[in-house]
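**Q** Give me the fold of what follows.
(2 chains)
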Amino acid sequence: DSGVTQTPKHLITATGQRVTLRCSPRSGDLSVYWYQQSLDQGLQFLIQYYNGEERAKGNILERFSAQQFPDLHSELNLSSLELGDSALYFCASNGATGELFFGEGSRLTVL
Amino acid sequence: AQRVTQPEKLLSVFKGAPVELKCNYSYSGSPELFWYVQYSRQRLQLLLRHISRESIKGFTADLNKGETSFHLKKPFAQEEDSAMYYCALSGDTGGFKTIFGAGTRLFVKA
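**A** Here you go, the predicted model:
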């Protein structure tokens, strides 16, 4: 599958814990975007990487961090988790046309 | 500041009726506007973009710079159009990021 892949699909954890979400962009795409989707907030832009470097930052909490590795996969680290962090986290990549291609998302539940 | 506003969280129409999903934006430069759609149990995917000026699945959207709007329209809604629709804006001010509106859930009733 040369599309955007995300792992894990589902994750259940407790408050105060730390989790890592992983994303592999489409083959050939250099950018990775992270979004958080919650019921009443829609899609919130978190952060974007391009070829290993941070390109743009959105509403990302200090407890969250991300990086993009030389092989272009990206990880989103969420720490000191709170109940309100429960959401669907999407990763996307884009090519030259600007269209975003999304992964299936990682559903995080914090209990 | 960049902003995308979709005023309706839910829009319910009957099959065959016209549908318009509203989108307004705020951006200081020249934006690119998109509509993305998320069908049940599917990935979020691009529906159309203003640059291409094409009609996809009967949907069209015209960029109105004067009103800073990019409303999505379809003359005759179909049940399979039921989905979550997101308006998105991309630009090079403040980073090459794409931001999304809160989304509108379209429900087409039989």
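**Q** pLDDT at B:Gly94, what is it?
**A** pLDDT for B:Gly94: 52.
**Q** hang on, B:Arg41 in a strand?
**A** No: under DSSP: H, G, I helix; E, B strand; the rest coil, B:Arg41 sits outside any strand and is assigned coil.
**Q** And it, how close does it get to chain A?
**A** 9 Å (CB to the nearest CB, to the nearest Å). (Glycine included, C-beta is placed from N, CA and C.)
**Q** Give me the neighbour count for that residue.
**A** 6 (other CB atoms under 10 Å in any protein chain shown).
**Q** try the one 10 residues further on
**A** Taking other CB under 10 Å as the criterion, the count of residues near B:Ile51 is 12.
**Q** I'd like the next helix or strand past the helix or strand bottoming out on mean pLDDT in chain B.
**A** The helix or strand of chain B with the poorest confidence is strand B:98-100; it has a mean of 88 (mean pLDDT, DSSP states H and E). Counting by DSSP states H and E, the next helix or strand C-terminal to strand B:98-100 is strand B:104-109.
**Q** quick one: contacts for the residue nearest to A:Tyr50 when sequence neighbours are not counted?
**A** Spatial nearest neighbour of A:Tyr50, chain neighbours left out: A:Ser31 (4.8 Å); criterion: CB to CB, 6 or more residues apart in numbering or on different chains. Under the criterion of CB atoms under 8 Å, 6 or more residues apart in numbering or on different chains, the neighbours of A:Ser31 are A:Pro25, A:Gln48, A:Tyr49, A:Tyr50, A:Asn51, A:Arg55, A:Ser93, A:Asn94, B:Phe96.
**Q** Point to the residue nearest the middle of chain A.
**A** A:Trp34 (3.6 Å; CA atoms, centre = their mean).
**Q** Report the beta-bridge partners for it.
**A** A:Ile47, A:Cys91 (DSSP bridges).
**Q** correct me, but it touches A:Glu54?
**A** No: judged on CB atoms under 8 Å, A:Trp34 makes no contact with A:Glu54 at a distance of 11.0 Å.
**Q** Can you give the contact residues for the one helix or strand B:Val4 maps to?
**A** Using DSSP H and E, the element containing B:Val4 is strand B:3-5. Outside strand B:3-5, the residues that touch it by CB under 8 Å, 6+ apart are B:Cys23, B:Asn24, B:Tyr25, B:Ser26, B:Tyr27, B:Cys87, B:Ala88, B:Leu89, B:Ile99, B:Phe100, B:Gly101, B:Ala102.
**Q** Measure how buried the last one is and give me the count.
**A** Spelled out, it's B:Ala102. For B:Ala102, using other CB under 10 Å, the count is 17.
**Q** Find the residue closest to it in space, skipping its chain neighbours.
**A** Nearest residue to B:Ala102, sequence neighbours excluded (CB to CB, 6+ apart): A:Gly42, at 3.4 Å.
**Q** Which pLDDT value belongs to the one you found?
**A** 79.
**Q** Next, count neighbours for it.
**A** 20.
**Q** wait, what's in contact with it?
**A** B:Gln6, B:Tyr86, B:Phe100, B:Gly101, B:Ala102, B:Gly103.
**Q** That one and A:Ser93: what is the separation?
**A** 20 Å (CB to CB, to the nearest Å).
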